[in-house]
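In: Need the 3D shape of this:
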Amino acid sequence: MVRVSVLLGLVSTIGLACGEPDSGLTASISEGGTEPTSDTSDPTGDGPTSSTAGVPTGSDTGTGSASMTEGSETGVTPTSTTTTTGESSTDDPPDTTTTGETTDPGTTDTGETTDTGETTDTGTTTDPGETTDPDTTDTGNADCQAPAMQPPCDADTNDPFKAIGLNCSDDKSMAIPISNPVIMSPDASAWRVATHYGTAMDPMNPGSHMWGPKEGERLLVIGTGTFPALQPDGGLTEPDSFVGENVDTPNGNPDNQSDLPGVMTWQQGSNNGNGGTPGVDCDGAQDCSDTLDAQWNISPNNRANDVLYMSFDLEVPLGTHGYLFDFAYFSQEWPTWVGDSFNDMFVVWSTSESFTGNVTFINEQPLTVTALDPYMVIQPGDPLLAGTGFPDSFFDTEGAGTGWFVAKGSAVPGENFTVAISIFDMGDTALDTIGLIDHFRWDCEGCIPSEVMSCGVEPVPM
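Out: Now for the predicted structure:
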């Protein structure tokens, strides 16, 4: 189960990130898995349709060539058949003192006694292939084939997958290719690929927007309402809240859903589907975190509305045990509807062999208005909400957000699995919730879902 501790400090100056700072370890994948397609047309023209060097682990060249029991010494020209061959290295200099009868190479030949092939040859005593091979001293990332760098490709795109760092190319050494990209959002105004969200600047990084991209030039913004067209600079700003203006006008995405969309479900999946052992004995289909059940069933009015869903399939690089991505959460339902049936959710889901279920938690709490009540630290009056539409003139005391977090999930090297993302209104079709997501990358070390404070997010100052 994912554990997190939250750094609450100064609300307006601290963002939140995972327990492992961005290391830049990202890698590519090849196609794998299946996913149904959906209507990806953009009737408004605002949103796009869905788009479609690590350390090698080859053979150790030091092993084998280091053997001193095979072959013959090519540099020795003995005069007798008593000369011992095969005991010296091919690296030996020509033997000029032995006659083969009085100074047997195996006993006194200086080429034999000081030959590094016999006494200090790294192939037999210090060769990494023999004593420090990553396979024998692996710390979790020594054999990681995730590339060290992943150039972004989102400068001039409306592609939601490229915006979060995916599918830049098929080159696995420089990108994270994906297969079966799906975005199910009939209302194309429910998401935007933007250069920034709101107008607030980052107090810890002068010149940068607080809600700007974590890599590249754009990030993905998804919501349960409708977004306006982007500003000329590509930013998504809302001086007068779209929330209040559209309080009675939900978006055109699916309503009245009795379960989460696609590969997701709110039902408990630990303990072979019986629940009670979060992160342990996943049934491979339901939520092994056991975090969504209670939040989904907080009231009898448990129906998802204005549902946006997207997914993509990945192949994990060899030696790579996890992945990371950045996210933030905002909702107009805070604080009035905390503990009520109006409990909007933002879910990122994994189908990995190591863990199936919700992978976005903060101190074991999923991303809902009720669960995140203690972490909605950017509140009305905070300048970091400038231009976000929170709060608005209609509900001028409602609406808040978290800081930035980095989620950490587990994976199995070489496997194919699906990552899915969804956001939706819960129990109503009004008051909107917004999710930001960016900078998907591989994590060589990964995490162990059953270990406390292993997976999930660990806040640190930005």
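In: any weak-confidence spans in the protein?
Out: By pLDDT under 70, the weakly predicted segments of the chain are 1-142, 239-249, 392-397, 452-453, 458-462.
In: Tell me where it has strands.
Out: 179-184, 191-194, 219-223, 304-315, 322-331, 345-351, 356-358, 361-362, 365-368, 400-401, 405-410, 416-426, 433-443 (DSSP state E).
In: burial measure for R192, as a count.
Out: R192 has 25 neighbours, counted by other CB atoms under 10 Å. The way it works is simple: take the backbone N, C-alpha and C, and place the C-beta from them, glycine included.
In: So it is in contact with T226, correct?
Out: No - judged on CB atoms under 8 Å, R192 makes no contact with T226 at a distance of 10.2 Å.
In: Would you mind stating the distance between D283 and Q150?
Out: Separation of D283 from Q150 (CB to CB, to the nearest Å): 33 Å.
In: Those two - which one has more neighbours?
Out: Q150 (25 against 18).
In: shouldn't that one be in contact with A175?
Out: Yes - Q150 lies in contact with A175 (CB under 8 Å); the separation is 6.2 Å.
In: Give the buried residues for stretch 205-225.
Out: Of all the residues in stretch 205-225, those buried under the rule 16 or more other CB atoms under 10 Å are 209-225.
In: Distance across that stretch, terminal residue to terminal residue?
Out: Length of stretch 205-225, first residue to last, CA to CA, to the nearest Å: 30 Å.
In: let's have the chain start at 115 instead
Out: Happy to do that; since the first residue is 115 now, the last one works out to stretch 319-339.
In: thinking again about what came up before, cross the buried residues of stretch 319-339 against helices and list the overlap.
Out: Using DSSP state H, no member of those sits in helices.
In: Now the phi/psi pair for the nearest residue in space to C258 that is not next to it in sequence, please.
Out: For C258, ignoring the flanking residues on the chain, the nearest one in space by CB to CB, 6 or more residues apart in numbering is C558 at 3.5 Å. Torsion angles at C558 (phi, psi; degrees, to the nearest 10) stand at phi -60, psi -50.
In: Might one say that C558 is in contact with A262?
Out: No - using CB under 8 Å as the test, C558 is too far from A262 to be in contact (10.1 Å).
In: Which residue of the two possesses the greater neighbour count?
Out: Neighbours per residue (other CB under 10 Å) separate C558 from A262, with C558 holding more: 25 against 15.
In: can you pull the contacts of V533?
Out: Applying CB atoms under 8 Å, 6 or more residues apart in numbering, we find V533 in contact with 425-426, 428, 437, 462-465, 554.
In: how close does G523 sit to N416?
Out: G523 sits 26 Å away from N416, going by CB to CB.
In: and P497, how many neighbours does it have?
Out: The number of residues near P497, taken as other CB under 10 Å, comes to 12.
In: same thing with the one 4 residues further on?
Out: Neighbouring residues of G501 were enumerated by other CB under 10 Å; the total is 20.
In: wouldn't it be in contact with G326 here?
Out: No - in this structure G501 lies outside contact range of G326 using CB under 8 Å: 12.0 Å.
In: overlap in contacts of those two?
Out: Y311.
In: and the contacts of V533 as JSON lines, adding neighbour count?
Out: As requested, the contacts of V533 are exported to JSON lines (neighbours: other CB atoms under 10 Å):
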{"residue": "S425", "neighbour count": "26"}
{"residue": "F426", "neighbour count": "27"}
{"residue": "L428", "neighbour count": "30"}
{"residue": "Y437", "neighbour count": "28"}
{"residue": "V462", "neighbour count": "21"}
{"residue": "W463", "neighbour count": "26"}
{"residue": "S464", "neighbour count": "27"}
{"residue": "T465", "neighbour count": "21"}
{"residue": "F554", "neighbour count": "26"}
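In: Of all pairs in the residues you listed, which one is the farthest apart?
Out: T465 and F554 (15.4 Å; CB to CB).
In: CSV please, covering the strands of the chain and showing distance to P375.
Out: As requested, the strands of the chain are exported to CSV (distance: least, CB to CB, whole Å):
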stretch, distance to P375
strand 293-298, 7
strand 305-308, 14
strand 333-337, 13
strand 418-429, 4
strand 436-445, 18
strand 459-465, 9
strand 470-472, 13
strand 475-476, 20
strand 479-482, 16
strand 514-515, 24
strand 519-524, 19
strand 530-540, 6
strand 547-557, 15
